[in-house]
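Enquirer: Predicted model and sequence below, questions to follow.
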Amino acid sequence: MKIIDISIPIEEGMVKYPGDAEFSKTPICTIEKSGCNMMKLILGTHTGTHIDAPLHFLQDGLSIDKVPLFHFIGKAQVIEVDEKEITKDIIRKKMRSDIERILFKTKNSSLYKEKRFIKDYTYLTEDGARFLVKRRIRLVGIDYISIEKFGTPDFNVHKILFQANICILEGINLLDVEEGIYILIALPLRLKGLDGSPVRAVLIKEDKD
């Protein structure tokens with residue numbers, strides 16, 4: 001069994017979406033002074049690798065603690081997309097019929113090395129989002145901090161997915177991950193009444209007999 005960490009490190013100076021909280025850490029205790037190390041963290045619900053819950057854009061949407069955990073654990077398909085837009089036609093050609101979780105590997109995974117936010121990233125289109133709704137997907141993931149085209153004023157891609165209670169896994173790194181079927185584990189913190197949560201996301205590839 002192979003476990004692949006697809007999370008990005010949470011650290012000061014990390015890439016974030018414009019307007020999101022800056023990550024910072026401050027010592028509360030140190031071994032020298034108190035006998036133990038303990039830190040105070042400042043971060044947002046969408047820091048690093050994270051899950052967007054429907055409440056992120058829907059006033060009456062599910063908060064992250066209300067989303068059933070089976071959304072975040074189970075078989076997932078990694079699909080590689082070379083195009084700039086992830087459209088219905090691209091997904092339909094590659095997606096298996098038995099899949100409930102889909103992760104898009106794009107050129108975005110190479111953007112993290114820039115150490116700054118890049119506006120010109122690969123994104124999911126509205127027709128692609130509607131296709132995923134028809135296919136009854138539970139979770140969709142992408143390898144950058146947002147799944148939606150930068151600067152879109154109405155956030156329709158998010159809303160289309162959220163209205164079907166599809167959660168969005170953003171900020172994963174699939175640079176060294178091959179296309180295929182994996183077991184995804186991406187459990188959010190149990191943050192009561194909140195719109196999202198950072199996660200530690202991993203893919204498990206089981207050995208062939």
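Expert: Nice, I can see it.
Enquirer: quick check, Phe131 in a helix?
Expert: Yes. Using DSSP: H, G, I helix; E, B strand; the rest coil, the assignment for Phe131 is a helix.
Enquirer: what about it, neighbour count?
Expert: 21 (other C-beta atoms under 10 Å). In this view, the C-beta of every residue, glycine as well, is placed from N, C-alpha and C.
Enquirer: Correct me if wrong: it contacts Lys94.
Expert: No. Contact criterion C-beta atoms under 8 Å: Phe131 and Lys94 do not qualify, at 11.7 Å.
Enquirer: shaky segments in this protein?
Expert: In the predicted model, the chain carries pLDDT under 70 at residues 209.
Enquirer: doesn't Glu32 fall inside a helix?
Expert: Yes. Counting by three-state DSSP, Glu32 is found in a helix.
Enquirer: Next one: it from Ser110, what distance?
Expert: 41 Å (C-beta to C-beta, to the nearest Å).
Enquirer: So which of the two has more stuff around it?
Expert: When neighbours are counted by other C-beta under 10 Å, Glu32 and Ser110 differ, and Ser110 comes out ahead with 12 against 7.
Enquirer: Check the gap between that one and Phe117 for me.
Expert: Distance from Ser110 to Phe117, by C-beta to C-beta: 14 Å.
Enquirer: cool, and Pro54?
Expert: 25 Å.
Enquirer: More neighbours: those two, which one.
Expert: Pro54 (26 against 16).
Enquirer: wait, doesn't that one sit right on Ile64?
Expert: No. The criterion here is C-beta under 8 Å, and Pro54 misses it with Ile64 at 9.2 Å.
Enquirer: What helices and strands are in contact with the biggest strand by length in the chain?
Expert: The longest strand of the chain (DSSP state E) is strand 73-80. Secondary structure elements in contact with strand 73-80, counted by 3 or more C-beta pairs under 8 Å, 6 or more residues apart in numbering; DSSP states H and E, are strand 101-105, strand 180-185.
Enquirer: Can you list the strands that it pairs with?
Expert: strand 101-105 (parallel), strand 180-185 (antiparallel) (DSSP bridges).
Enquirer: Quick check: which of these is nearest to Phe150?
Expert: Set against Phe150 and scored by C-beta to C-beta, the strands paired with strand 73-80 come closest in strand 101-105, at 16.1 Å.
Enquirer: Need the CA coordinates for the closest one. PDB is fine.
Expert: Below are the C-alpha coordinates for strand 101-105, written out as PDB (Å, rounded to 0.1, in the frame of the first residue of the first chain):
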ATOM      1  CA  ARG A 101     -15.000  11.700  -6.000                       C
ATOM      2  CA  ILE A 102     -12.900  13.300  -8.700                       C
ATOM      3  CA  LEU A 103      -9.700  15.100  -8.600                       C
ATOM      4  CA  PHE A 104      -8.300  17.200 -11.400                       C
ATOM      5  CA  LYS A 105      -4.500  17.200 -12.000                       C
END
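Enquirer: following it, which helix or strand comes up?
Expert: strand 123-124 (DSSP states H and E).
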